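Colleague: I need the structure of the sequence given here:
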Amino acid sequence: MDYGRMLTGKRAFITTGARGIGREIAMLFAKHGAIAAVGGKNLPKLKETEEELKKLSPDSKGYVLDLSNLNEVKKVCGQLITDFGGIDILVNTVGINRHGKIHEYDESWLETAIDTNYKSGLICAKELLPGMLKRKYGNIINISSIHGTMTMPGFGIYAGTKGALNATARAMALDYADAGIRVNNISPGLIMSDNMLDEINTYPEGKEREDFMEMLRHMQPLLPGKMEDIANAALFLASDMSSYITGQTIMVDGGASIKAH
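Modeller: Model prediction:
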């Protein structure tokens, strides 16, 4: 195994890779020899990411994709098969959230959250698995969340979609092991991602933001994580380094899940 180029020849699809954790994963995969296809609905950011990926892996490509639109998800998966002949590694990276209690959500938001966080990954798997089955090789990685295992007030729908993702991955791992297909989850804790930085910037500069940052620093034994921490875990699961691992949820959370609050 070449530890410098662990994904040489592999075709990977990262469902949201225009920015944030998905972009970090795509860039790392490309550095390790993969063709990295990325989805995204922020067109300027998607084009920037595509250009950077091509410097590392010339055949990499970006696809305009709104993961809340399941027909669009299916269409893009079909295009991936046309463009690359199939996908070896699927990384489902999406996760939208709106804080609130169950009775406070309107039905349209419930449908959007379930379609985006849960069903979009199922559609991608459904469309791309036949090729994996034919080749007797495949790797599916879900970027889940610590909220899929343990959660906080106001995260009911988000936690539910991530918990469903985790449970489905376990069943899929059993269903497809004989075909050489592995399915695993990564559950990030607090990560200083682009989305997290966006949330931090909603607090006014000064005491309010400082108090919020102080709370973040004490949520886990280690310091808040970086996007590359999740990308490194994804590379491990995508490569043959983890060839004996399937059906697992790996907590990449700085120890938050072992801390009694």
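
Colleague: Show me what secondary structure element comes after the helix or strand hosting Met215.
Modeller: In the assignment (DSSP states H and E), Met215 maps to helix 207-217. Per DSSP H and E, the first helix or strand lying C-terminal to helix 207-217 is helix 227-238.

Colleague: What are the boundaries of the strands in the stretch 51-200 of the chain?
Modeller: Ranges of strands in the stretch 51-200 of the chain, per DSSP state E, counting those that start in this stretch, are 61-64, 89-92, 138-143, 181-188.

Colleague: sorry, back to before: list of residues touching the helix holding Met215?
Modeller: Helix 207-217 has contacts (Cβ atoms under 8 Å, 6 or more residues apart in numbering) with 190, 200, 203, 223-224. Placement of C-beta: from N, CA and C, glycine included.

Colleague: What's the mean pLDDT across that helix?
Modeller: In this model, helix 207-217 carries a mean pLDDT of 83.

Colleague: Show me what counts as buried in that helix.
Modeller: Leu216 (16 or more other Cβ atoms under 10 Å).

Colleague: Next, Thr249: phi, psi?
Modeller: phi -120, psi 110 (degrees, to the nearest 10).

Colleague: picking that back up, in PyMOL, select just the buried ones from the contacts of helix 207-217.
Modeller: Buried residues among the contacts of helix 207-217 (16+ other Cβ under 10 Å), as a PyMOL selection:
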select buried, resi 190+224
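
Colleague: for the contacts of helix 207-217, which one is nearest Glu51?
Modeller: Ile200 (27.7 Å; Cβ to Cβ).

Colleague: Please determine how far that closest one is located from Lys75.
Modeller: To Lys75, Ile200 is 35 Å away according to Cβ to Cβ, to the nearest Å.

Colleague: In the lowest-mean-pLDDT helix or strand in the chain, which residues are buried?
Modeller: Counting by mean pLDDT, DSSP states H and E, the chain has its least confident helix or strand at helix 194-200, which shows a mean of 80. Neighbour-count burial for helix 194-200 flags 194, 196 (criterion: 16+ other Cβ under 10 Å).

Colleague: In terms of secondary structure, what does it contact?
Modeller: helix 207-217 (3 or more Cβ pairs under 8 Å, 6 or more residues apart in numbering; DSSP states H and E).

Colleague: thinking in terms of the whole chain, how far from its middle is the helix it packs on?
Modeller: Its chain's C-alpha centre and that of helix 207-217 lie 27 Å apart, by Cα atoms, centre = their mean, to the nearest Å.

Colleague: re the thing from before, what's the least confident helix or strand of the chain in contact with?
Modeller: 19-20, 190, 209, 212-213, 227.
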